[in-house]
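K.L.:
Structure, please.
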Amino acid sequence: MKNTMVIVAGCLALGTAALAQDQPRQLKGGGHLLGETAEQFYTEGGTAELFRACQAHDWKTVNHLLKEENSPSKTSAKDICAERTAVKQNAISGQRLEFKGAGDPPGMRADTFTLDGGHLVKIDMVYSTPTAHYEGFHPRSYAELFEGLKEAYGEPSKAYTEPVLDTYGVQYDAHRAIWLGKDDVILIVEQPGTNSWTKIVAATLAEYNRTVKEAKTANPLE
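P.N.:
Residues are numbered from 1 along each chain as shown. Below you'll find the predicted structure:
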């Protein structure tokens, strides 16, 4: 999200020009820019590395990359390459699909990207925050991530708490915040308690409206 990049809590970036209300901001997470084309998506990051190895028939590198993704070892690299190529073509042709990114293992972050209509319409980043300490891992708390977003984007359009239950049925007050832009939306959602996590979502306005509509259809009383 930017002309001159400012890293936001290691997950989102914003262009200084985006601070002007009459200019659209640019959001970047997991190495990808919200709104980029499917062609661009497949030429950046680990995805591009995998396709280069496939095209070169470098099965050793393909297997190494697939191992990092925890893909079944019984599936041959050649078959995986053929499958990923077909998925890529579907994405470029406009099909809606979700793609799991490499994330940030030391930061305990998992990334999911949604492509639709030939563009990247949503970047979903989930930060696990276990209560136990693990050597070499550096989880980020909701407070830390929220402050990073607020520093970059200013005060949220809305911030509130709502009661939620953890996996053991214990109730907590979970924090929520949303930044509404002209063309996009940023959300941060907290799940406290056991196996806690924080989710940051950057989505196009159309994708956000689609999600809200689907939620209301699934829960007509809300």
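
K.L.:
So in this structure, which helix runs the longest?
P.N.:
Longest helix in the chain by number of residues, with DSSP state H as the criterion: helix 77-92.

K.L.:
Can I get that helix in PDB? Just the C-alpha atoms.
P.N.:
Extracted in PDB, the C-alpha atoms of helix 77-92 (Å, rounded to 0.1, in the frame of the first residue of the first chain):
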ATOM      1  CA  ALA A  77       6.400 -33.300  -8.000                       C
ATOM      2  CA  LYS A  78       5.400 -33.500 -11.700                       C
ATOM      3  CA  ASP A  79       1.800 -34.100 -10.800                       C
ATOM      4  CA  ILE A  80       1.800 -31.300  -8.300                       C
ATOM      5  CA  CYS A  81       3.200 -29.000 -11.000                       C
ATOM      6  CA  ALA A  82       0.500 -29.900 -13.400                       C
ATOM      7  CA  GLU A  83      -2.100 -29.400 -10.800                       C
ATOM      8  CA  ARG A  84      -0.700 -26.000  -9.800                       C
ATOM      9  CA  THR A  85      -0.500 -24.900 -13.400                       C
ATOM     10  CA  ALA A  86      -4.200 -25.700 -13.900                       C
ATOM     11  CA  VAL A  87      -5.100 -23.700 -10.800                       C
ATOM     12  CA  LYS A  88      -3.000 -20.800 -12.000                       C
ATOM     13  CA  GLN A  89      -4.800 -20.800 -15.400                       C
ATOM     14  CA  ASN A  90      -8.200 -20.900 -13.600                       C
ATOM     15  CA  ALA A  91      -7.200 -17.900 -11.400                       C
ATOM     16  CA  ILE A  92      -6.000 -15.900 -14.400                       C
END
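
K.L.:
name the helices or strands packed onto that helix?
P.N.:
Using 3 or more CB pairs under 8 Å, 6 or more residues apart in numbering; DSSP states H and E, the elements in contact with helix 77-92 are helix 38-41, helix 45-55, helix 59-68, strand 97-100. Bear in mind the C-beta positions are built from the backbone N, C-alpha and C, glycine included.

K.L.:
quick one, what contacts the residue lying closest to residue 115 once chain neighbours are set aside?
P.N.:
The shortest distance from residue 115 to any residue that is not its chain neighbour, by CB to CB, 6 or more residues apart in numbering, is 4.7 Å, and that residue is residue 91. For residue 91, the contact set (CB atoms under 8 Å, 6 or more residues apart in numbering) comprises 38, 41-42, 97, 99, 115, 118.
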